[in-house]
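1. here you go, sequence then predicted model.
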Number of protein chains: 2
Amino acid sequence: MADDGPGATRRPTMRDVADRAAVSKSLVSLAFSAPDAVSPHRLARILDAAEALGFRPNRVARSLNGLRDDFVGILVADSRNPVFAEVVDAARATLAAGGRLGLVTSAVLPGSGDGTAGAGTAGDGTGGAGTAGASTAATRADVRRLDTEVVAMLGDLQPSGLVVVGSVPDVDRVVAAMGAARVVFASTRPEHPLGAATVRGDDEVGLRLVVDHLTAIGHRRIGHVGGAGGRVAVDRAAAFSAAVAERGLDGTLVAEGDFTEAAGFRAAGELLDRADPPTAITAVNDLAALGVVAAVRQRGLADRVAVTGYDNTFLAALGAVDLTSVDPDNATIGRRAAEVLLSDADPGEVLVTPSLRIRSSSVPRSG
Amino acid sequence: MADDGPGATRRPTMRDVADRAAVSKSLVSLAFSAPDAVSPHRLARILDAAEALGFRPNRVARSLNGLRDDFVGILVADSRNPVFAEVVDAARATLAAGGRLGLVTSAVLPGSGDGTAGAGTAGDGTGGAGTAGASTAATRADVRRLDTEVVAMLGDLQPSGLVVVGSVPDVDRVVAAMGAARVVFASTRPEHPLGAATVRGDDEVGLRLVVDHLTAIGHRRIGHVGGAGGRVAVDRAAAFSAAVAERGLDGTLVAEGDFTEAAGFRAAGELLDRADPPTAITAVNDLAALGVVAAVRQRGLADRVAVTGYDNTFLAALGAVDLTSVDPDNATIGRRAAEVLLSDADPGEVLVTPSLRIRSSSVPRSG
DNA sequence: TTGTAAGCGTTATCAG
DNA sequence: CTGATAACGCTTACAA
């Protein structure tokens, strides 16, 4: 009788359910992992008992045994990047539809220690909304640090898979910590393409869309602002150059800058002050594009110089800006990444085709 | 010799370390949890062995035993809200300084299931950067759903504490799932103030700062846009009314709207089109303030009507806007929340004093 | 189909 | 200080 001590309100365990349903522990376990393998009669009794007791299997105890193929981790590089948020949401939804739990976690620690000033990180791997447009260029090159403890803990949970969203600092370590889990990269291009499954937007197509659009409405002198702050920037700059070369246009109208508004402002100024300035400027992301717009307006060139962004974040939709932007289709990126994990095939590198969202920042004027 | 089977590359366990260091398992355990309690000689040997083997204690196995006072969970309501990101970063930094690991996790699922369109959530509890300013008002009232599975899993990890950042849908369930963990709320005002520790910005002071500033530069007819979309909005609207009443100003210049740009635009329009329009408009957050600015500019009233936002997000610092905004000091909020967890005292409700960041959107004109 | 027993990796207890 | 032994809650052979 005095089996359970005083009326302490302990969390019910499988043992409790088993006792109440008058079956053995392992049958209860079966009832939850393979319900079809247990007789309907007892199954019902077990489920009732569990219900009555408010029992739910302890996932941690579960994870101690081995790979849990009912849950995957989602590691997001920068939680303040709205682009990543879209990818994560889509991935989670897809995983949920496939019966998997997606545990999303932030993997990157901000600058060195002092959580005092909301200064935040600068360039973040892909064009996010970024931080305050203060002119603090890249102070310390890459202050972002991988939170190895968190990654290790996630690995201890033994998920069956991991989706890495965005560029994480120490990827090798992450993969190593994951043990047997399959890793899929989303919205990033991992350093070591050791056949790692990757789902990302096709930036080459994206910039071709932009250049095509601009040439279609008559622009011949098209510039680009970006190229700095990370791999994504480099790729987009290269894609711009390729697209421009394809069209036989001047490829020298490039000014370096990272993902921040300040960088866009400065770089655009440089371009606009040249002897033969561009009539259209493409930016590496929306935030930098806002800087470009500011530079253009400052020179009284509004409605004269077309501006485009990238990522189609909510910034582009802002009424005061109404920025033409490339939509990478982040939802599809997240969904595909999750699908790769659900169906264990290795598709190598999946490129998601972006589309162009045309707004008034690039409305025809010269054409 | 054939103790470990074939050359399978299994993760090293405490047993392996114990064997290599020629001590018992429990001594290894001690070496990691209470290093001072083991003789320097063997301690070194154990640490060396661990190092050589690449051993690190399995946190999951650890959690199975009971409360882990070396790690706390951080549950963030909306990961795309930059305000929360700042709070989270500060909390993590403070926890790290206190030797605790902060596992940050997203707890809220976006709208009903379809992760296809990047539509995203509408009002998000406190003034975030929000989503695209599309005019999709509050379609389904509150589509945000608590991810109970994730919360349950976090609870299974038995953290010693939990920081809830922002308004989470089903708070009671969260608290229940946390078992013995102490819960502290940050940047939100929980529904059931059952003495729950809370750290949040003092919005009353914030709006008083705004109103004081505006009256100081000569404004007498001050309006407010907000009040809808969540508790925070209601509170700020009330704080506005109080501040205005204190000053003996007209308190009827209020138009309802949520945290979106579209709402700010519409509500501001309503105010500006009145017979006796305001000369200054305060908004519930920065994004809505951008809508207000757009409405003001549309009517050719730029430099005539002052506009202020709230949260001092990067949006306020945008060059094209340069918005005066209340800075809630999110870093302090996050830090204090973490401190509450580190030192187990229950301070009840902690109000962090905000400051006003004055920018050109409210530059004196009439004064 | 159902029950028994042995782990998963760590911590806690309690003898030496 | 050290070292067996028993939990923690669940899964998984293996036996009935």
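-> Sure, I can see it. Computed from a prediction, not measured in an experiment: that's the story for all the values here. Numbering: from 1, shown residues only, chains lettered A, B, ... in the order given.
2. in stretch A:283-302, what's buried?
-> For stretch A:283-302, the neighbour count (16 or more other Cβ atoms under 10 Å in any protein chain shown) marks A:283-296 as buried. The C-beta positions use only the backbone N, C-alpha and C, and glycine is treated the same way.
3. nearest to DNA strand C among those?
-> Of all the buried residues of stretch A:283-302, DNA strand C sits closest to A:Asn285, with 42.6 Å by Cβ to the nearest atom of the strand.
4. surely that closest one meets A:Asn312?
-> No - using Cβ atoms under 8 Å, A:Asn285 makes no contact with A:Asn312, being 10.0 Å away.
5. tally of neighbours for A:Gly66?
-> Per other Cβ atoms under 10 Å in any protein chain shown, the neighbour tally for A:Gly66 reads 10.
6. domain-wise, how is chain A divided?
-> Listed by automatic domain parsing, the domain ranges of chain A are A:14-57, A:71-201+A:330-349, A:203-329.
7. mind listing what the closest residue to DNA strand D within the stretch 251-367 of chain A touches?
-> Nearest residue of the stretch 251-367 of chain A to DNA strand D, counting by Cβ to the nearest atom of the strand: A:Asp344, 16.9 Å away. Residues counted as contacts of A:Asp344 (Cβ atoms under 8 Å, 6 or more residues apart in numbering or on different chains) are A:Arg182.
8. again, but for the one 10 residues further on
-> The neighbourhood of A:Pro354, defined by Cβ under 8 Å, 6+ apart, consists of A:201-203, A:205-206, A:209, A:326-329.
9. tell me which of the residues you listed fall in helices.
-> A:203, A:205-206, A:209 (DSSP state H).
10. need these in a markdown table (columns: neighbour count and distance to A:Asp170).
-> Formatted as a markdown table, those follow (neighbours: other Cβ atoms under 10 Å in any protein chain shown; distance: Cβ to Cβ, whole Å):
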| residue | neighbour count | distance to A:Asp170 |
| --- | --- | --- |
| A:Asp203 | 23 | 24 |
| A:Val205 | 19 | 30 |
| A:Gly206 | 25 | 28 |
| A:Leu209 | 21 | 34 |
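11. can you give me the strands in the stretch 201-350 of chain A?
-> Per DSSP state E, counting those that start in this stretch, the stretch 201-350 of chain A carries strands over the ranges A:222-227, A:254-257, A:280-283, A:306-310, A:324-327, A:349-352.
12. TSV for those, including distance to A:Lys25 and mean pLDDT?
-> Putting those into TSV (distance: least, Cβ to Cβ, whole Å; pLDDT from 0 to 100) gives the following:
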stretch	distance to A:Lys25	mean pLDDT
strand A:222-227	60	98
strand A:254-257	62	97
strand A:280-283	61	98
strand A:306-310	56	98
strand A:324-327	52	98
strand A:349-352	43	96
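13. can you say which of the ones you listed is packed in most?
-> strand A:280-283 (a mean of 32; mean count of other Cβ atoms under 10 Å in any protein chain shown).
14. that one - contacts with which helices or strands?
-> Helices and strands touching strand A:280-283, by 3 or more Cβ pairs under 8 Å, 6 or more residues apart in numbering or on different chains; DSSP states H and E, are helix A:203-216, strand A:222-227, helix A:261-272, helix A:286-298, strand A:306-310.
15. re the thing from before, got the phi/psi numbers for the residue of the stretch 251-367 of chain A closest to DNA strand D?
-> As for A:Asp344, its main-chain torsions (degrees, to the nearest 10) stand at phi -70, psi 70.
16. how about the residues of the stretch 151-300 of chain A by chain B?
-> Within the stretch 151-300 of chain A, the residues that sit near chain B (Cβ under 8 Å from any Cβ of the partner chain) are A:152-153, A:156-158, A:179, A:261, A:265, A:290-291, A:293-294, A:297.
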